[in-house]
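Asker: Sequence first, predicted coordinates after that:
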Amino acid sequence: MSQPPRRALVASPTAPAQVAAAELADAQDWVDIEEADLIVALGGDGFMLQTLHRMLERRKAPVPVFGMNLGTVGFLMNEWRRHGLEGRLEQARPFKVTPLQCTVTGADGRIHTMPAINEVSLLRETRQTAKLEVMVNDRIVLPELACDGILVATPAGSTAYNFSAQGPILPLGSNLLALTPISPFRPRRWRGAILPDKARIAIRVLDAGKRPVSAVADQREVRDVAEVTICVDRARELTLMFDPEHALDDRITMEQFIA
């Protein structure tokens, strides 16, 4: 006879999430996150990203995460409901998300490797416009981009910062990446590109001493960078669970029709 799945309950430190966690505390026998077969996460999209990053850092293989929204937008979350959790978990649909990996070389020569589930952003640190050289698959496609920054977004992250920067919404499972400039000044008419997710993107900071740039992978930042390379990390895969009527792929598609 198979063992019932072991589940962990994690919650954002915000008051609504903590109250909800207290309400669910006696719903079943929760286990530690390291021993769980499935995670129930209470909070907003930011807390979901934190939880997914914990999955990437977990000693064991990542396990599915079912989130319930107790934050603001909750795009990556399901609706919060106190009752019927067991049935929802049994009927939930899985969606696979493959993270990015970025390798950041600092101006001091130090190298940092960071995963990103939504996007990797390069942002100017001062009033000076950033100047960047952009390469795709070792080919220089933009010798000099003058801008506030640039980002590389996954389909799962394409409705977040990428969309706010006028980038395209990418359907889940499209095997594409969005390369989107942030307030571009030169070239005047360049508004970004859609690339196959097999692409390897390298961005070099020009005149880094005068025009310092930081790199941000979801919620982790490295300042004063010299170069960043970004690619899809096919060795790792994350699973988000959604109610059938709240499926992530449908939500991403419908975002294109919201006025």
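Answerer: Looks like it came in fine.
Asker: Burial check on the nearest residue to P155 once chain neighbours are set aside, number of neighbours?
Answerer: Leaving aside its sequence neighbours, P155 sits nearest to L170 (C-beta to C-beta, 6 or more residues apart in numbering; 4.0 Å). C-beta coordinates here come from the backbone N, C-alpha and C atoms, glycine included. Residues lying near L170 (other C-beta atoms under 10 Å) number 23.
Asker: just use 2 as the starting number from now, easier for me
Answerer: Sounds good: first residue 2 from here, last item L171.
Asker: pretty sure L171 contacts L196?
Answerer: No. L171 lies out of contact with L196 (C-beta atoms under 8 Å); the separation is 10.3 Å.
Asker: shared neighbours, those two?
Answerer: Listed as contacting both L171 and L196 by C-beta atoms under 8 Å, 6 or more residues apart in numbering are 177-179.
Asker: which residues in this structure form helices?
Answerer: Here the chain has its helices, by DSSP state H, at 16-25, 46-58, 86-92, 162-165, 249-255.
Asker: Wait, R8 touches I34, no?
Answerer: No. Here R8 does not reach I34: they are 9.9 Å apart, not a contact under C-beta under 8 Å.
Asker: Find residues that contact each of these two.
Answerer: Common neighbours of R8 and I34 (C-beta under 8 Å, 6+ apart) are I40.
Asker: between these two, which one's more packed in?
Answerer: R8 (22 against 18).
Asker: excluding its backbone neighbours, what's nearest K61?
Answerer: Spatial nearest neighbour of K61, excluding adjacent residues (C-beta to C-beta, 6+ apart): E35 at 6.8 Å.
Asker: And R205, by the same measure?
Answerer: Here the residue nearest R205, using C-beta to C-beta, 6+ apart, is E134, at 4.3 Å.
Asker: Any figure for the gap between the one you found and P144?
Answerer: 6 Å (C-beta to C-beta, to the nearest Å).
Asker: same check, this time on P5
Answerer: 59 Å.
Asker: where in the stretch 2-151 of the chain is pLDDT low?
Answerer: Low-confidence regions of the stretch 2-151 of the chain, defined here as pLDDT under 70, cover residues 2-3.
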